[in-house]
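J.: only geometry, no sequence info:
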Ligand SMILES: [Zn+2]
C-alpha cells in the first residue's frame, strides 16, 4: 500500500510547516492528486486516520482531495485532449505517440492551520 508512504510524507511536511508557522494545530489539508497517480481513495483515508492520530499537531485534521483529470498532447497532430486512466490514444488521429501533460500530480494544494491568536 503506497498510500501509507504518501500520507506519511504529507503528514511530516504539514506538521513541519505548521510548527514553523507557530500553529497550534492543523485543521485541514488539501491534496491535488492526478488520476494517473494510482492512489486509492479508501487506502489514502485509512492511512490518514492512522497517521494523523500519531502526530499531535495533525490530530483531527480533515483531508480534502482534489482530483486532477489526465490530459495529454499528441506528438503527431499536436491535439491536446483529456482522457481517463486507460485511454491514452489521440482521439483525432489515433496515434499512441502521446505525452502526458497532467494527471500524475501528487502534491499538497493547501494547509489550513489554527494559531493561538485565532
Ligand atoms: Zn493526434
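T.: Thanks, I have the structure now. Just so we're clear, the structure is a prediction, and the values are computed from it rather than from any experiment.

J.: For stretch 9-17, buried residues please.
T.: Neighbour counts using 16 or more other Cβ atoms under 10 Å place 10-11, 14-15 of stretch 9-17 among the buried residues. For glycine as for every other residue, the C-beta is placed from the backbone atoms N, C-alpha and C.

J.: name the helices or strands packed onto the helix or strand where residue 24 lies?
T.: In the assignment (DSSP states H and E), residue 24 maps to strand 23-34. Helices and strands touching strand 23-34, as assessed by 3 or more Cβ pairs under 8 Å, 6 or more residues apart in numbering; DSSP states H and E, comprise helix 2-20, strand 62-68, strand 106-115.

J.: Over to residue 78. Which of the three states is it?
T.: Secondary structure, DSSP: H, G, I helix; E, B strand; the rest coil: residue 78 is coil.

J.: can you check residue 50 too?
T.: helix.

J.: what separates residue 48 from residue 101, distance-wise?
T.: 28 Å (Cβ to Cβ, to the nearest Å).

J.: Of those two, give the one with the bigger neighbour count.
T.: residue 48 (23 against 13; other Cβ atoms under 10 Å).

J.: So the more buried one is in contact with residue 63, correct?
T.: Yes: here residue 48 reaches residue 63: they are 4.7 Å apart, a contact under Cβ atoms under 8 Å.

J.: got the buried residues of stretch 9-17 as TSV, with distance to the ion and pLDDT columns?
T.: Formatted as TSV, these follow (distance: Cβ to the ion, whole Å; pLDDT from 0 to 100):
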residue	distance to the ion	pLDDT
10	36	97
11	42	97
14	41	97
15	45	96
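
J.: Relative to residue 69, which of the residues you listed is nearest.
T.: When the buried residues of stretch 9-17 are compared for distance to residue 69, the smallest value, 21.2 Å, is given by residue 10; criterion: Cβ to Cβ.

J.: Contact partners for the residue nearest to that closest one when sequence neighbours are not counted?
T.: Distance criterion Cβ to Cβ, 6 or more residues apart in numbering; nearest residue to residue 10, sequence neighbours excluded, is residue 108 at 6.2 Å. When contacts are counted by Cβ atoms under 8 Å, 6 or more residues apart in numbering, residue 108 touches 10, 13-14, 29-32.
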